[in-house]
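Enquirer: okay, sequence plus prediction incoming.
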Amino acid sequence: MSTNSSTMPMTPPNELFNLDNPVFCCYLFWATVLVVKMLLMSLLTAVQRFRFKLLGLVPLGMRRKIFPNQEDLFFKNTEVQFNDPHVERVRRAHRNDMENILPYFIMALIYISTNPDATVSCNLFRVASLARIVHTLVYAVYPVPQPSRIIAFGCMLLITFYMAAVVALRTLSFV
Amino acid sequence: MSTNSSTMPMTPPNELFNLDNPVFCCYLFWATVLVVKMLLMSLLTAVQRFRFKLLGLVPLGMRRKIFPNQEDLFFKNTEVQFNDPHVERVRRAHRNDMENILPYFIMALIYISTNPDATVSCNLFRVASLARIVHTLVYAVYPVPQPSRIIAFGCMLLITFYMAAVVALRTLSFV
Amino acid sequence: MSTNSSTMPMTPPNELFNLDNPVFCCYLFWATVLVVKMLLMSLLTAVQRFRFKLLGLVPLGMRRKIFPNQEDLFFKNTEVQFNDPHVERVRRAHRNDMENILPYFIMALIYISTNPDATVSCNLFRVASLARIVHTLVYAVYPVPQPSRIIAFGCMLLITFYMAAVVALRTLSFV
């Protein structure tokens, strides 16, 4: 967490945001993983709306179809509903992703501009991304008792706060 | 989708994120269009809260004012409400925008760092952006029967997945 | 708002996104402040779920615990609830943050690529960020009568629209 601007980075700063910088490449890979994970939440919501079980299809008579819009009612025996617990759980997990992962994307991207140590920053990217994958699994796919979800949630939160501290200390004179 | 890093890009990588790169300029324009579109959703929600019809004002007695907070009640004959179908429809469309467009912003931005082909990437930006504008029109402005919305939704989703595949393959060694 | 590309920027464009550019540094600082503010909304929601008053703990018997998931029920005398007004108010403020601040992050970042005037752009970053902090205070922490919230909301909205206009005019030929 060097706040001393005299400790010049080895790499010239104008090459931080390209594929020659391993820190940026590591960010690219894990940001891509998280983007795909977030988009899959939309599909998981759709799966829950049709209530296929993830491991094996349920019989036709036991399926429930939960749709929020009139034009989504493909079947005759369905109604507009908003309070199915399985659908709402996935939607809460998805909202939690947006609340945490999207600010992380920006924070991690601008953290790279401070030219951080490669080992530290790559491991931060890895831990934060894996923690959010665990968060989704224990929240939306297979609910697990607390504190598993809080720990997974806290990992990315603390990492984002750490990056924020590094960036804020480096740019404090530009307030 | 070249994973071979020996296929060096023509443009030096440190000039990818400036206005000399037509791919970046195309991204700038269409990202701007989508940002403006998303912010207009807030105003569309406000319009629905006052229930002015978009094409012509309704008589005063037929207007309904739907507000979620006590301090928002400008008029005497109103109450806090949460379940107006017109307001909730716009809010669902807005949430869907956040779920899809915000990850796309990051994904498309880092996709540019792989120095993609100009024609392909510019057309991806154009199709994805226009698809989301169509999505908003058929979801929030004038509801249209499915599958119009699913097709518009799928366009950006598939484009984002394609970009994710390109980036992930290029940076797979930095896992 | 110079649309004339012959007015060349002083700084070479490939040095816009590094710590030598004071506009980028100012963006870094205020984006970091907003990221931290957004993440604190999650913790404020948690505080409201336990209903500790922010200024002084309430007696144990008067606390209410409002949790959306079955596995979150740490205490025996609690139930799953979704409609607590204090929790929902913070969640609405948090959602409003996502709707406005996350597009602003992207818009301000790409606005820097147009090499804007340092004084103008730094002040835009400052005003927009402070306005959102005020927005949170008057919405989620201590509700204040309108139009305080609308003014705070409008500040960042107008600044984002201004940046969008600048970027769109500069990149209009890449439509």
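Expert: Nice, I can see it. Numbers count the residues shown, from 1 in each chain, chains lettered A, B, ... in the order given.
Enquirer: what is the burial count for A:T160?
Expert: Residues contacting A:T160 under the criterion other Cβ atoms under 10 Å in any protein chain shown number 26. All C-beta spots, glycine's among them, are computed from the backbone N, C-alpha and C.
Enquirer: oh, that last question was meant for A:L109, not what I typed.
Expert: 22.
Enquirer: now do the SS call for the residue of chain A found nearest chain B.
Expert: Chain B sits closest to A:N18 of chain A, with a gap of 3.5 Å, by Cβ to the nearest Cβ. Counting by DSSP: H, G, I helix; E, B strand; the rest coil, the backbone at A:N18 sits in coil.
Enquirer: before we move on, what about A:P116?
Expert: Put simply, A:P116 is coil when judged by three-state DSSP.
Enquirer: show me which residues of chain A are close to chain C?
Expert: A:5, A:13-14, A:16-17, A:88-89, A:92, A:98-100, A:102-103, A:106-107, A:110, A:113-114, A:143-146, A:149, A:157, A:160-161, A:164, A:167-168, A:170-175 (Cβ under 8 Å from any Cβ of the partner chain).
Enquirer: only whichever of the residues you listed are buried, select them in ChimeraX.
Expert: In ChimeraX, this line selects whichever of the residues of chain A next to chain C come out buried by 16 or more other Cβ atoms under 10 Å in any protein chain shown:
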select /A:13,14,16,17,88,89,98,99,100,102,103,106,107,110,113,114,143,149,157,160,164,167,168,170,171,174
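Enquirer: neighbours around the residue of chain A closest to chain B, how many?
Expert: Neighbours around A:N18, by other Cβ under 10 Å: 19.
Enquirer: cool, the one 3 residues further on as well?
Expert: Using other Cβ under 10 Å, A:N21 has 19 neighbouring residues.
Enquirer: any idea how far chain C is from the residue nearest the centre of chain A?
Expert: Taking Cα atoms, centre = their mean as the criterion, A:I101 is the residue nearest the geometric centre of chain A, at 3.8 Å. Distance of A:I101 to chain C, given as Cβ to the nearest Cβ, to the nearest Å: 11 Å.
Enquirer: next, the angle helix B:85-112 makes with the helix or strand harbouring that residue.
Expert: Applying DSSP states H and E as the criterion places A:I101 in helix A:85-112. Helix A:85-112 and helix B:85-112 are oriented at 40 degrees to each other (axes from the mean of the first three to the mean of the last three Cα atoms, to 10 degrees).
Enquirer: next structured bit after helix A:85-112?
Expert: helix A:118-136.
Enquirer: by contact count, what packs against the next helix-or-strand element following that next one?
Expert: Counting by DSSP H and E, the next helix or strand C-terminal to helix A:118-136 is helix A:148-170. Helices and strands touching helix A:148-170, by 3 or more Cβ pairs under 8 Å, 6 or more residues apart in numbering or on different chains; DSSP states H and E, are helix A:85-112, helix A:118-136, helix C:22-50.
Enquirer: quick one: mean pLDDT over the first one.
Expert: This means helix A:85-112. For helix A:85-112, the mean per-residue pLDDT is 89.
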